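Chemist: Here's a sequence, model it:
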Amino acid sequence: MSNKTKIVVLRMKEIIYSAIFALLGILFVVLLIIMFVPDKQEETAPELPAPTVSDNKYIPGIYSTTVNLGSQTLDIEVMVDANAITSIELVNLSEDVETMFPLIKPSFDDLTAQIIDAQSLDTITYPSDAKYTSLVILEAIEVSLNKAKTTNLPAEPEE
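Modeler: Residues are numbered from 1 along each chain as shown. The predicted structure follows:
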């Protein structure tokens, strides 16, 4: 064994660099822990309030029904607010459909005006020359309105 004493000379610059790297390493480890440990709040999905049956006739939104006309399709969108039908639109009406079924657009416009004025499908009239076209359109609108009705909501749970 040697009795020689070893003297280690540390320069202040080396101590400061070592301390900074040690702090950065600790900060990096803490950051990794924070990022990859799941929060308890994320595990439970926030509960959305269930829609309730009230005096409203409809659940506000846009409801769509697809109508098949031979090999072509078109969509009828019904927009409702809580108590009224606000608009009805034809979507994806191609030129092919308009050419093959020329009564679609005028019948739709006539029925839409009547439905929005009456806010009901009960008192709707249509011309006899467009009976079947009108019935197809009315059926699609009725399907969309049935999707929007509040009576389709599940009953509230009893406590």
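Chemist: Let me see the backbone angles for the closest residue to V91 other than its chain neighbours.
Modeler: Spatial nearest neighbour of V91, excluding adjacent residues (C-beta to C-beta, 6 or more residues apart in numbering): D75 at 4.1 Å. Any C-beta I mention is one placed from the backbone N, CA and C, and that applies to glycine too. Main-chain torsions, D75, degrees, to the nearest 10: phi -110, psi 140.
Chemist: So in terms of bridging, what pairs with D75?
Modeler: In this entry, D75 is beta-bridged to T66, V91, by DSSP bridges.
Chemist: What pLDDT does the model give V80?
Modeler: According to the prediction, V80 has pLDDT 92.
Chemist: which residues pair with it across the strands?
Modeler: Assessed by DSSP bridges, V80 has beta-bridge partners G61, I85.
Chemist: Would you verify that N146 is located in a helix?
Modeler: Yes - assessed by DSSP: H, G, I helix; E, B strand; the rest coil, N146 belongs to a helix.
Chemist: any idea how far it is from I7?
Modeler: 92 Å (C-beta to C-beta, to the nearest Å).
Chemist: Can you pick out the residue with more neighbours from these two?
Modeler: Neighbour count, other C-beta atoms under 10 Å: between N146 and I7, N146 has more, with 12 against 5.
Chemist: re earlier: now do the contacts for the residue nearest to V91.
Modeler: With contacts defined as C-beta atoms under 8 Å, 6 or more residues apart in numbering, D75 is in contact with S64, T65, T66, V67, L90, V91, N92.
Chemist: Any of the residues you listed buried? List them.
Modeler: S64, T65, V67, L90 (16 or more other C-beta atoms under 10 Å).
Chemist: Let me have those residues in TSV, extended by pLDDT and distance to T150.
Modeler: Formatted as TSV, the buried ones among the contacts of D75 follow (pLDDT from 0 to 100; distance: C-beta to C-beta, whole Å):
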residue	pLDDT	distance to T150
S64	91	18
T65	91	18
V67	89	25
L90	90	26
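Chemist: how about the residues you listed in CSV, adding distance to L24?
Modeler: Below are these laid out as CSV (distance: C-beta to C-beta, whole Å):
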residue, distance to L24
S64, 56
T65, 61
V67, 65
L90, 63
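Chemist: thinking again about what came up before, could you dump the contacts of D75 into CSV with distance to S134 added?
Modeler: Below are the contacts of D75 laid out as CSV (distance: C-beta to C-beta, whole Å):
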residue, distance to S134
S64, 19
T65, 15
T66, 18
V67, 12
L90, 14
V91, 19
N92, 20
